[in-house]
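# pasting the sequence and the predicted coordinates here, then a few questions.
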Amino acid sequence: MNASIFTRNVPGMRDRLQRATVGLAGCGGLGTHVALALTRAGIGRLILVDHDIVDASNLNRQCYFQSDLGRPKVVALREQVAAIGTGVAVAVHQERLCRDDVGARFAAADLLVEAFDQAEAKQWLIEAWCRAYPDRPIVAASGIGGYGRTNELRVRSSGQIHFCGDGVSDMALGLCAARVALVAHMQANLAIELLMDRMPAHPPPRSRPTA
């Protein structure tokens, strides 16, 4: 791990984030940008879940390259994360996530990032997470279609559920890399904020074994 990567980070950020684990449900336009942003912030562990492989239609907005075509997204993204050199631990699961698996698959996560495409999948993921871990936050996206209208993007929160986006734009409008990345980085920024609040400035001391 190259510690000099964090020279210009927010003071104390890496010390807290390195103790945190974030789950990513989906490794597409949202998930790739979130994973790389969290890695550069100093996150300690990522859990990546996605069943898909990289195809040419992904390259207009997702953090993949021609050399990744035909490869599992979780594998290609893990390599990009490793190439940054922060020493983040990455667990990958190339599988189609279902609602019954959410609790077990992300049991170690302090926070979950929803990065699915379909509204129906977003809904059951949020429901399954909140049922399994009602005290842990989930950061979702809603309304990323089209281009421009940057001032319409915002965060809406209800308890432990947080939505980033405009809340309206349908993906049928088409997907623009700049707008998708804006929302993804809103998700990453919010995840960092939430984790900074949840992670103590100093880890609790380990209890000493008794004689």
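Yep, that arrived.

# so who does the residue lying closest to Ala132 once chain neighbours are set aside touch?
Among residues not flanking Ala132 along the chain, Gly103 sits closest, at 3.4 Å (CB to CB, 6 or more residues apart in numbering). Yep, even glycine has a C-beta here, placed from its N, CA and C like the rest. Going by CB atoms under 8 Å, 6 or more residues apart in numbering, Gly103 touches 128-129, 131-133.

# so which strand or helix has Gly103?
Here Gly103, judged by DSSP states H and E, is contained in helix 102-105.

# in its sheet, what does the very next helix or strand once past that helix sit against?
Per DSSP H and E, the first helix or strand lying C-terminal to helix 102-105 is strand 111-114. Applying DSSP bridges to the sheet, strand 111-114 is found paired with strand 21-25 (parallel), strand 138-141 (parallel).

# quick check: pLDDT value at Thr210.
Here, the pLDDT recorded for Thr210 equals 48.

# repeat for Met171
According to the predicted model, the pLDDT of Met171 comes to 86.

# my guess is it contacts Ser142. True?
No - at 10.9 Å, Met171 does not count as touching Ser142 under the criterion of CB atoms under 8 Å.

# related to what we said a few turns ago, can you add distance to Leu38 and give the strands paired with strand 111-114 back as JSON lines?
Compiled in JSON lines, the strands paired with strand 111-114 are given as follows (distance: least, CB to CB, whole Å):
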{"stretch": "strand 21-25", "distance to Leu38": "6"}
{"stretch": "strand 138-141", "distance to Leu38": "11"}
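
# Ser157: which of the ones you listed is closest?
Taking CB to CB, strand 138-141 is the member of the strands paired with strand 111-114 nearest to Ser157, at 9.5 Å.

# let's see the very next helix or strand once past the closest one as CSV, backbone CA atoms only.
Following the chain from strand 138-141 toward its C-terminal end, the next helix or strand by DSSP H and E is strand 154-158. Taking Å, rounded to 0.1, in the frame of the first residue of the first chain, the C-alpha atoms of strand 154-158 are listed here in CSV:
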residue,chain,number,x,y,z
ARG,A,154,-30.0,16.4,-4.7
VAL,A,155,-30.1,14.0,-1.7
ARG,A,156,-33.4,12.9,-0.2
SER,A,157,-33.2,11.0,3.1
SER,A,158,-35.7,9.1,5.3
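
# which residues touch strand 154-158?
Contacts made with strand 154-158 from outside it, assessed by CB under 8 Å, 6+ apart, are listed as 142, 162-164, 166-167, 186, 190.

# dump the strands paired with strand 111-114 into JSON lines; add mean neighbour count and distance to His33 as well.
What follows is the strands paired with strand 111-114, written out as JSON lines (neighbours: other CB atoms under 10 Å; distance: least, CB to CB, whole Å):
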{"stretch": "strand 21-25", "mean neighbour count": "25", "distance to His33": "11"}
{"stretch": "strand 138-141", "mean neighbour count": "25", "distance to His33": "11"}
